[in-house]
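**Q** just a sequence and a predicted model for now, questions to come.
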Amino acid sequence: GLERLSALLCNVDSVYDTAEMAAIVHAIEDLTAELRADGKRIPYESADLNKAAPFRVLTDHVRAACFAIADGIYPDNTGRGYVIRRVLRRALLFARELGIEQPILHRLVPTTIAVFGDAYPALKQKASDIEARIRTEEERFLRTLEQGLKRLDEYLGAHKQKKAKKFSGDDAFTLYDTFGFPLEMTIELAERNRLPVDIKRFEKRMEEQRERAAEAARWKDITLPTDLPVSTDSATEFVGYNNAETTAQVLALLKDGQSVDTLQTGDTGVVILDRTTFYAEGGGQLGDTGEISEKNAFFAVDDTQSSAGLVLHIGRIKDGQINKGDTVKANVESERRSMLTRH
């Protein structure tokens, strides 16, 4: 309301044409010449809403992020932090409409603080922290954005071929889980192609992921049972540096914290192999996901942890059964691992 009043008092058509907001808009104009591959400066045209939209989104979103971080709300995967992460990622997507594929938002922080810092001293006090956090968030997302957009284009092409009336919730989940696309961003991109996202299916996949995460969390500080049929002195051989798949032998199976001989359809538990391509969580990197299979049996690996030198493949039997002593194939979800190592 106050911003609209300001626009009226300044006799301009939009809040983005007021002196304060226009300063950020002009900074974006200058940065287009510096950050575009062709060096072309893109002017802001207030009267053309389509051309003005990227400037306005970047201006609004970088300002919101600056104030939030100054208040101690940092980009994160949960709660208020996730709102800020979504805001920054949406702004980066709009920056591409200006031909900018490099980090730009942190470059707008000094102008934003120069405009609002006198009225809000916390912005000046935390200027370096605000700029650093926004830059880190930009660099992290841009590492996967290009690949995510390529995958989105593939999905859209497949949907058009099938004459689908909705964008798959499973595909939306993959974009979220593997490439870091917030659901709202996928909705926006899909709706440009007149495809509403199947949100119910997406939410179902999210709930399944939360359940798997809760199950996996039970094993993080596991004390291996005393009757484990494998020596904890001999560590699982890791062969995943250059390979995503290997053949291995099942040394032990765990269910409800106890050693068992068999895991059957629907069972959740742990598979311990003599060798593996799965990287266990550690050193700041999340554990691998993927599958372990044997003839007609399929074990979905939702997390990988380690204990006493043994690699614990945590997940559930989706079909068939796996027995102690079986020879199986262990196959890492290599695309996800690649994304994680770039983060």
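**A** Perfect, thanks for sending it. Everything numeric here is computed off the predicted structure, so don't read it as measured data.

**Q** what about the nearest residue to D267 once chain neighbours are set aside, how many neighbours?
**A** By the measure of C-beta to C-beta, 6 or more residues apart in numbering, the closest residue to D267 outside its immediate chain neighbours is I317, 4.9 Å from it. Yep, even glycine has a C-beta here, placed from its N, CA and C like the rest. Counted with other C-beta atoms under 10 Å, the neighbours of I317 add up to 23.

**Q** again with R210
**A** When neighbours are counted by other C-beta under 10 Å, R210 registers 10.

**Q** I272: which element?
**A** Secondary structure assignment for I272, by DSSP states H and E: strand 268-273.

**Q** nope, R63 is what I was after
**A** Per DSSP H and E, the secondary structure element for R63 is helix 49-70.

**Q** in that helix, which residues are buried?
**A** 52, 54-70 (16 or more other C-beta atoms under 10 Å).

**Q** after it comes which helix or strand?
**A** helix 79-95.

**Q** strand partners (parallel or antiparallel) of the strand holding I272?
**A** Using DSSP bridges, the strands paired with strand 268-273 are strand 245-255 (antiparallel), strand 310-319 (antiparallel).

**Q** ramachandran angles for S168?
**A** With angles defined as degrees, to the nearest 10, S168 sits at phi -60, psi 130.

**Q** and the pLDDT for it?
**A** At S168, the predicted lDDT confidence score is 96.

**Q** ok, now C10?
**A** At C10, pLDDT is 60.

**Q** if we can go back for a sec, continuing past the strand holding I272, what's the next helix or strand?
**A** Assigned by DSSP H and E, the successor of strand 268-273 is strand 275-276.

**Q** so which elements touch that next one?
**A** Other elements packing on strand 275-276 under the criterion 3 or more C-beta pairs under 8 Å, 6 or more residues apart in numbering; DSSP states H and E are strand 237-238, strand 245-255.

**Q** got the angle for the top helix by length along the chain vs helix 79-95?
**A** Longest helix in the chain by number of residues (criterion: DSSP state H): helix 127-162. If you take axes from the mean of the first three to the mean of the last three C-alpha atoms, to 10 degrees, helix 127-162 sits at 70 degrees to helix 79-95.

**Q** and the closest residue to R133 other than its chain neighbours, how far is that from R90?
**A** Using C-beta to C-beta, 6+ apart and skipping residues adjacent in sequence, the residue nearest R133 is I69, 5.5 Å away. Relative to R90, I69 is positioned 16 Å away (C-beta to C-beta, to the nearest Å).

**Q** pretty sure V301 sits against R316.
**A** No: judged on C-beta atoms under 8 Å, V301 makes no contact with R316 at a distance of 9.1 Å.

**Q** higher neighbour count, those two?
**A** Neighbours per residue (other C-beta under 10 Å) separate V301 from R316, with V301 holding more: 26 against 18.

**Q** can you pull the contacts of that one?
**A** 271, 278, 288-292, 313-315 (C-beta atoms under 8 Å, 6 or more residues apart in numbering).
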